[in-house]
Each structure stands twice: as structure tokens, then as C-alpha cells.
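**Student:** Fold the following, please.
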Amino acid sequence: MVTVELENVTKSFENFRLEVSLKVKDGELLTLLGPSGCGKTTTLRIIAGLESPDSGRVLFDGDDVTSKKPYERNVGFVFQDYALFPHMTVYENIAFGLKVRKIPRGEIERKVKEAIKLVGLEGLENRYPEQLSGGQQQRVALARALVVEPDILLLDEPLSNLDARVRERLRREIRRIQREVGITTVYVTHDQVEAMAISDRIALMNFGKIEQVGEPLDLYLNPKSEFVARFLGDGNLLEARVHDGKAKIGSLEFNISTSSKKVKIFFRPEHVEIGEGDAARVVDYEIIPGRVKVYLEVDNITILAERPLEEIEKIRKGAKVGIKIRRFIVL
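**Tutor:** Next up, the predicted model:
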């Protein structure tokens, strides 16, 4: 497969400017993650050749493809709305790209059969898109993109039109297929859970720029900015005064090394341990599958904790508890 590199790529629209430099490793699945309007899809379309950058270069394995047309780049593109031909069967939709390339009939039959097996659509070859579920239609779109053996697979919000259970099941299938084929993949989503579950690395975008690139767990545990910290999961971001090497938030103290008088302390809810004591008061709690979210008050400051459900016995509204922050960073 190939590497993909965006070298100082820019694209300007009214009230928006994209500025991206990024490298996608050979065979990895990299997700472009961020809120709506941050430039994810524009970046993907520039890689595909569906948009032309104002400046910068797009490189595939070091070769400059910036001026090449989409059909000259050998990429597979899976669109958000599937873009299936309604008058064609599953087989015909998947075979379409091979027929355009004038592949011999016997080779088309072999390749389509392999693609159908890869995405788990055996027995549905003669159905039309309207006879399929949303998840099945997305599998057809994925098979159609893969059957032409592209160097790069691009997926634009491929699961956004599906319900939660189908999304979860299908994202595992996409990950399995990507690993099995070993294809370099760029995946676009605004769903942080989806990105964390499926990616080798994540490029988190915000208003046309990449805030941070890294492995999912690294971005989650070691955000480099407030935006990254707040976007990926729940968290506590609190201002603290510094004195004698300690940052203080009410009765809480954090040992840090800084010359600043004020800092911002960030920690995840699951890093808040609850035990005996009276440092905090339980304001409220929410039971969610397998866990309990606890809203604590420390000197008029609200702190969110998340604990295993078996700890529910020690959590009661109005109760005084002790807390300990196991892990934190300074932003």
C-alpha cells in the first residue's frame, strides 16, 4: 500500500481557511475527527482529488498527485449517503467500477464474489438497494470501493445514518476488513467514541487546523490543548493557584513544577477515586451501563467522577466523601 502526505495544504472559503500538514502511514487507519465545519471532509476530498487545494501538495508514496484527477489516483471512496445505483443489484453495484475499467467478465465475477464474502453479503447478490437495510447498503458501498483494489480507502462519515447498535457492529467490521486487506485508510467522523474504537491514530481538527495527532489513548490521556481535552470524552478543567510548588483548588492540592502563579489542572472523571472522608459532597449521580457518574462539590467547585457500578453503595446524595485524583495534567 502507500503513504499519504499533505504538505502545507491550504483551501479558503468564505469565513474559513483550511491549513493542514499531515502524514498517513502505510497500512494504517487514521481518523480525521472534529466538530462539524472543522474541515474534515474538505481534507478528505482534497486527498481524493475531488477538491483542489489553493496551495501545498498531496503526495502518495512521495509522488506528487496534486494535479491528478480522482480517477488517476486509484482511491476508493465511501460516501456518507452510500451513493448506490438504485436500478442495479448488489452484484451490479459492486461490479460497476470493474466494468468501467473493462476488466474481463471472468475476472469481474471472481473479484465481486471475493468482495461480497469479505463484507458478509453472501446471498444478497440479486437484491436492489431499496431491499437492503442501512447497514447492508453501507457494506455494498464498502465492497464497491474495495473491489477495484485501490491503494487508499477514504470513508466520509460512513456510519452516521445508522442506529447505534448497527454502527457499533459495522465499525468492528470495517476495522476487521481494513486490517485483513492492509489498506491505507483515512476515515472521517465527528463521533469521538467511533474514532477511539476504530483508529490507529487520530488527527483532531478544529476550525481548519489540526490540534493534535496521535494514538487514541495518547490523545485521551495527554491532550495538548483545552480543545483536545474537552472534545475527547468528559473531563474536569479547573483553574488553580500555585504556591510553594502546589496547585490548590479548594482543599485539593496538586504537586507541580511551574513558575506560574495560576495554572489549569485537567483530569478525567475515572481518575477521581471516592473513599472515606469529608473533602467533598455528593451533589448528584447518574447510573449508566456498568458505571456511575458522580457530581461532587468541593468548596463550591463541581467535579465529575466516574466509578464502577459496584461502588454505588458509597454514593448517596448529600453524603460527605473523600476524594483522590490519581492522574492529572497541567494545561
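**Student:** Please, where are all the helices along the protein?
**Tutor:** 40-48, 90-100, 105-118, 134-147, 164-181, 192-198, 216-221, 226-231 (DSSP state H).
**Student:** Do I have it right that residue 25 meets residue 186?
**Tutor:** No. Between residue 25 and residue 186 there is no contact under CB atoms under 8 Å: 11.1 Å. For the C-beta atoms, the positions are set from N, CA and C on the backbone; glycine is no exception.
**Student:** neighbour count winner among those two?
**Tutor:** Neighbours per residue, other CB atoms under 10 Å: of residue 25 and residue 186, the larger number sits with residue 186, 24 against 14.
**Student:** How much space separates that one from residue 269?
**Tutor:** Applying CB to CB, to the nearest Å, the value for residue 186 to residue 269 is 31 Å.
**Student:** Figure out which of the helices of the chain is closest to residue 1.
**Tutor:** Proximity to residue 1 (CB to CB) singles out helix 164-181 among the helices of the chain, at 8.7 Å.
**Student:** buried set for stretch 283-298?
**Tutor:** 285, 291, 292, 293, 294, 295, 296, 298 (16 or more other CB atoms under 10 Å).
**Student:** What residues does residue 26 make contact with?
**Tutor:** Listed by CB atoms under 8 Å, 6 or more residues apart in numbering, the contact set of residue 26 reads 1, 2, 3, 184.
**Student:** Going through those, which ones are buried?
**Tutor:** Buried among these (16+ other CB under 10 Å): 1, 2, 3, 184.
**Student:** Looking at these, which are in strands?
**Tutor:** Among the buried ones among the contacts of residue 26, the residues falling in strands (DSSP state E) are residue 184.
**Student:** now, the most widely separated pair of the buried ones among the contacts of residue 26?
**Tutor:** The distance between the two most remote of the buried ones among the contacts of residue 26 (CB to CB) is 8.3 Å, for 1 and 3.
**Student:** what's the distance between the nearest residue to residue 273 once chain neighbours are set aside and residue 40?
**Tutor:** Distance criterion CB to CB, 6 or more residues apart in numbering; nearest residue to residue 273, sequence neighbours excluded, is residue 324 at 4.4 Å. According to CB to CB, residue 324 and residue 40 sit 38 Å apart.
**Student:** Need the single longest strand in this structure, by residues.
**Tutor:** Using DSSP E, we find that the single longest strand of the chain is strand 272-288.
**Student:** Pull the contacting residues for the residue nearest in space to the middle of the chain.
**Tutor:** The centre of the chain sits closest to residue 195, judged by CA atoms, centre = their mean, with a distance of 2.3 Å. Going by CB under 8 Å, 6+ apart, residue 195 touches 31, 33, 187, 189, 202, 216.
**Student:** a markdown table please, covering these and showing distance to residue 108 and pLDDT.
**Tutor:** Shown next, in a markdown table, are the contacts of residue 195 (distance: CB to CB, whole Å; pLDDT from 0 to 100):
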| residue | distance to residue 108 | pLDDT |
| --- | --- | --- |
| 31 | 32 | 98 |
| 33 | 36 | 98 |
| 187 | 28 | 97 |
| 189 | 32 | 96 |
| 202 | 37 | 98 |
| 216 | 38 | 97 |
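**Student:** Narrow the residues you listed to those in strands?
**Tutor:** Of those, the ones assigned to strands by DSSP E are 31, 33, 187, 189, 202.
**Student:** What remains of the residues you listed if I keep only buried residues?
**Tutor:** 31, 33, 187, 189, 202.
**Student:** export these to TSV and tack on distance to residue 315?
**Tutor:** Shown next, in TSV, are those (distance: CB to CB, whole Å):
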residue	distance to residue 315
31	35
33	32
187	38
189	33
202	33
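**Student:** hang on, the earlier thing: who has more neighbours out of residue 324 and residue 40?
**Tutor:** Shown here are residue 324 and residue 40; by other CB under 10 Å, residue 40 has more neighbours (25 against 12).
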